[in-house]
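K.L.:
Predicted model and sequence follow; I will ask about them next.
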Amino acid sequence: MKMELYKGRILLVEDHIELNDANSRALEFCGYEVYTALTLQKARKYLSWLDPHIILLDVMMPDGNGFDFCKEIRHNTSAYILFLTAKTEHEDMIKGMSIGGDAYITKPFHPEEMLVKVEAAMRRHDTSKIKVIKKGRLTFDIIALQAFNDGESLRLTPIEFSLLLLLAESEGKALSSSYIYETVWNAPPIENENALQTAISKLRRKMENTGYSIITKRYQGYVFEKN
């Protein structure tokens, strides 16, 4: 990999050796620094010292479940977690995203689909973009993927940060569920809204005393507005 093409660090957790090798080579060819793990145990060792921008996480691993692993590491990493899952696990994926996952790719998938989603996730770490956005007492740190209320961190997960930032940037405007899914989750509209509803519920609790609220408008969507 040519260092001038460097785009970011990725931890690929996939137990299928051939897929692991093929996907890692595709990512490296595009300029990513890739670390591969065939087990969750190996992934844990990497995360003890590695700070990846993105974690590509297979759901079914030989030594555990990807969802449980996501929940285990979520509070210790700000990495964008992209699940790799079979189509039959769609309902479980909604649950997975509600506990800290950010998006998913259903198997089998073409490497180009993976690269597109990885590229979209990496844009959140682009240091050439605006680093700080202020909204009243709220401050959004684009690089750290965190929001602060008068300097105190709201302790948001990456998906919560992206969701709150999207709503805040559209203050006073109702955003539909389908638009939010396509923009924040980088996925087509999902009929089951449990993941979005769960994220909104958590944000509302964390936003107490910020001077803003997230309002639900029937048939329209969600609105970020001043109290």
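P.N.:
Right, received. Where do you want to start?
K.L.:
Quick check: which ranges of this structure have low pLDDT?
P.N.:
1-5, 87-94, 124-131, 143, 186-193 (pLDDT under 70).
K.L.:
can you give me the strands in it?
P.N.:
For the chain, applying DSSP state E gives strands covering 8-13, 32-37, 54-58, 60-61, 64-65, 80-86, 103-107, 132-135, 138-141, 146-149, 152-153, 212-217, 221-226.
K.L.:
okay, the angle between the third one and strand 103-107?
P.N.:
Using axes from the mean of the first three to the mean of the last three CA atoms, to 10 degrees, the interaxial angle of strand 54-58 with respect to strand 103-107 works out to 40 degrees.
K.L.:
Relative to strand 54-58, what are the paired strands and their orientations?
P.N.:
Note on strand 54-58: by DSSP bridges, its sheet partners are strand 8-13 (parallel), strand 80-86 (parallel).
K.L.:
Let me know which of the strands of the chain is tucked in deepest.
P.N.:
Of all those, strand 54-58 carries the top mean neighbour count, a mean of 26, counting by mean count of other CB atoms under 10 Å. In short, each C-beta sits where N, CA and C put it, glycine included.
K.L.:
can you give me the helices for the protein?
P.N.:
17-29, 40-47, 66-73, 90-98, 111-122, 158-169, 177-184, 194-206 (DSSP state H).
K.L.:
Out of those, which gets nearest to Ile142?
P.N.:
Nearest of these to Ile142, taken as CB to CB: helix 158-169 at 8.0 Å.
K.L.:
got the buried residues for the closest one?
P.N.:
Neighbour-count burial for helix 158-169 flags 158-168 (criterion: 16 or more other CB atoms under 10 Å).
K.L.:
Kindly reformat those as TSV containing distance to Ala144.
P.N.:
Listed next are these as TSV, based on distance: CB to CB, whole Å:
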residue	distance to Ala144
Pro158	10
Ile159	15
Glu160	13
Phe161	9
Ser162	13
Leu163	16
Leu164	14
Leu165	12
Leu166	17
Leu167	19
Ala168	16
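K.L.:
Closest one to Glu182 out of these, please.
P.N.:
Proximity of the buried residues of helix 158-169 to Glu182 (CB to CB) peaks at Leu166, which lies at 10.8 Å.
K.L.:
Roughly how far does the closest one sit from Ser98?
P.N.:
Distance, Leu166 to Ser98, by CB to CB, to the nearest Å: 17 Å.
K.L.:
One more: Leu196?
P.N.:
Leu196 is 9 Å from Ser98, where distance means CB to CB.
K.L.:
Between those two, point out the one with more neighbours.
P.N.:
Leu196 (22 against 18; other CB atoms under 10 Å).
K.L.:
who touches the more buried one in this structure?
P.N.:
163, 177, 180-181 (CB atoms under 8 Å, 6 or more residues apart in numbering).
K.L.:
again, but for Phe109
P.N.:
Leu84.
K.L.:
now the one 5 residues further on
P.N.:
Contact partners of Met114, counting by CB under 8 Å, 6+ apart, are 23, 26-27, 56, 105.
K.L.:
Deepest-packed of the helices of the chain, please.
P.N.:
Most buried of the helices of the chain by mean neighbour count (mean count of other CB under 10 Å) is helix 158-169; its value is a mean of 21.
K.L.:
And that one, how far out from the chain middle?
P.N.:
The chain centroid and the centroid of helix 158-169 are separated by 11 Å under CA atoms, centre = their mean, to the nearest Å.
K.L.:
Can you dump the C-alpha atoms of that helix in CSV for me?
P.N.:
Output in CSV follows, covering the C-alpha atoms of helix 158-169 (Å, rounded to 0.1, in the frame of the first residue of the first chain):
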residue,chain,number,x,y,z
PRO,A,158,-21.2,7.5,16.7
ILE,A,159,-24.7,6.8,15.4
GLU,A,160,-26.3,9.1,18.1
PHE,A,161,-23.8,11.8,17.2
SER,A,162,-24.6,11.6,13.5
LEU,A,163,-28.3,11.6,14.2
LEU,A,164,-28.2,14.6,16.5
LEU,A,165,-26.0,16.5,14.2
LEU,A,166,-28.3,15.9,11.2
LEU,A,167,-31.3,17.1,13.2
ALA,A,168,-29.5,20.1,14.6
GLU,A,169,-28.3,21.2,11.2
